[in-house]
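Asker: Turn this into a model:
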Amino acid sequence: MKTLLLLACMTIMSCGASNPMQPGDVNFDGAVDSLDARLVITYILRGDSLDDATFIAADITGDSTISTLDVHLILKSKLARIPTASHVYNRTDAKPMKAVK
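Answerer: Coordinates of the predicted model:
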């Protein structure tokens, strides 16, 4: 089963499509985001069936199961792309703000 899913994934990714399948992009909108995580959570809680392409996209771990670890990795992937505000706190040219009365 795992080999079959891997072959299907490789086939989908090598078909020359303009938007190859991205692991974690469960709704195939071109972005891995919290909506994808929500869809996977809904799948886990309801026990809905997924088509092969959606299952492959949701199974980030590649262990042929959809679990909360896959959700965690989707969210971690999303958070890794959010820029941090650390550069704001390290500015030396910042002037203190005046209190508003």
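
Asker: tell me which element Asp36 falls in.
Answerer: Assigned by DSSP states H and E, Asp36 belongs to helix 34-46.

Asker: which is the next helix or strand following that helix?
Answerer: helix 52-58.

Asker: Identify each buried residue in whichever helix or strand comes after that next one, please.
Answerer: Remark: after helix 52-58, the chain's next helix or strand is helix 68-80, criterion DSSP H and E. Judged by neighbour count using 16 or more other CB atoms under 10 Å, the buried positions of helix 68-80 are 70-71, 73-75, 77-78. Backbone N, C-alpha and C define where each C-beta goes, glycine included.

Asker: And for stretch 46-65?
Answerer: 50, 54-60.

Asker: count of neighbours near Gly30?
Answerer: 10 (other CB atoms under 10 Å).

Asker: Now that it has come up, it's in contact with Gly24, right?
Answerer: No - Gly30 lies out of contact with Gly24 (CB atoms under 8 Å); the separation is 11.5 Å.

Asker: Just list the residues touching the residue lying closest to Ile41 once chain neighbours are set aside, thanks.
Answerer: Leaving aside its chain neighbours, Ile41 sits nearest to Val71 (5.7 Å; criterion: CB to CB, 6 or more residues apart in numbering). Contacts for Val71 (CB atoms under 8 Å, 6 or more residues apart in numbering) come out as 37, 40-41, 44.

Asker: pretty sure Thr56 contacts Gly24?
Answerer: Quick fix: residue 56 reads Ile, not Thr. No - Ile56 is beyond contact range of Gly24, at 10.6 Å (criterion: CB under 8 Å).

Asker: List the residues that are in contact with both of Gly30 and Gly24.
Answerer: In terms of CB under 8 Å, 6+ apart, Gly30 and Gly24 are not both contacted by any residue.
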